[in-house]
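A.B. asks: Whatever this is, show me its structure:
(one chain, ligands or ions: 1)
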Amino acid sequence: MSLLALHGVHKHYGGPPVVQDVTLAVEPGETVAIIGPNGAGKTTLFSVMAGERLADLGRVELFGKDVTRAGARRLAHAGVARTFQIARFFPSRTVEENVTIALQSTHRRYRRFWAGAPRPDDRVGRAIDATGLTDLRWVLASALSQGNRKNLEIAMALVQQPKLLLLDEPTAGMGMEDLPRTISILKDLRQARPDLAIVITAHDMDVVFALADRVVLLANGRIAIDGKPEEVRDAPQTREIYLGNSYRGGSA
Ligand SMILES: Nc1ncnc2c1ncn2[C@@H]1O[C@H](COP(=O)(O)OP(=O)(O)OP(=O)(O)O)[C@@H](O)[C@H]1O
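C.D. replies: So this is what the prediction gives:
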């Protein structure tokens, strides 16, 4: 049974569909990259996977259970965590406070402060360490570099101990000094959590090739190709789809 399965998913915003007839499955331990030109529907598809937007047609299943109309909160409880293209956090709180808030927002038991309630520290500390933020634990989020802001968002997703991690452009806006570090954080995460499924959108093909087991190319809301990274890179269709969208073979 797949961890996540989409069957014939459509989504529109009042006009023509921006996601059309998308069928795909993600297995435990797999990292799937969703790529495509601007406006292809990647973020919309992500929002459907996270339950923030409900599919207009089709079905979404998590571990074989129909979650098409479950919504974001129930999916978060079921083990789906996501990050955003523009990192979302509380700038006037420390790294530690942000990660603690993320934990408390999905796991109510960490909100009780009486004796006997589980203490969030260990889980929070592990998520902070796993994202290379150990030395910045007490720093205000507003003081972090762009790269570390994205890493903070990954920590905020990880602390929820997801089964499915949705990373929307996790390296967007990063300088060359931050990029390899975030790639290596995500590679280490894959090793540390072999059952974790990751779906990632990225414009940077170096990120896709470093991390993805499979690549799904979206064009006009439809899946154009779904295959191994090399197959998708070398397919003539890929070049056609990206022509006029700054495709240069190595980076999209
Ligand atoms: N809230 C919205 N209301 C109306 N149209 C929207 C909305 N969000 C996205 N769209 C439109 O849906 C289409 C798909 O957008 P989406 O953001 O999903 O694509 P994308 O592949 O993530 O693009 P990008 O790579 O530029 O982020 C675009 O034409 C976009 O203008």
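A.B. asks: what number of residues lie near the residue lying closest to I35 once chain neighbours are set aside?
C.D. replies: Leaving aside its sequence neighbours, I35 sits nearest to L217 (CB to CB, 6 or more residues apart in numbering; 5.5 Å). From N, CA and C alone the C-beta is placed, and that goes for glycine too. Using other CB atoms under 10 Å, L217 is surrounded by 24 other residues.
A.B. asks: so which strand or helix has L217?
C.D. replies: L217 belongs to strand 214-219 when assigned by DSSP states H and E.
A.B. asks: Hmm, the residue nearest to I35 is touching T238, no?
C.D. replies: Yes: L217 is in contact with T238 according to CB atoms under 8 Å; the separation is 6.0 Å.
A.B. asks: by contact count, what packs against the lowest-mean-pLDDT helix or strand in the chain?
C.D. replies: When each helix and strand of the chain is scored by mean pLDDT, DSSP states H and E, helix 236-242 comes last, with a mean of 87. When contacts are defined as 3 or more CB pairs under 8 Å, 6 or more residues apart in numbering; DSSP states H and E, helix 236-242 packs onto strand 214-219, strand 222-227.
A.B. asks: how about the first one, does it get close to the ligand?
C.D. replies: Think strand 214-219. No: shown here: strand 214-219 not in contact with the ligand (CB under 6 Å from any ligand atom), separated by at least 6.6 Å.
A.B. asks: Just the mean pLDDT for that strand, thanks.
C.D. replies: Strand 214-219 shows a mean pLDDT of 96 in the predicted model.
A.B. asks: Tally up the residues packed near K65, please.
C.D. replies: Neighbours of K65 using other CB under 10 Å come to 10.
A.B. asks: Tell me what it is bridged to.
C.D. replies: When assigned by DSSP bridges, K65 has beta-bridge partners L62.
A.B. asks: tell me the most buried of the helices and strands packed on helix 236-242?
C.D. replies: strand 214-219 (a mean of 23; mean count of other CB atoms under 10 Å).
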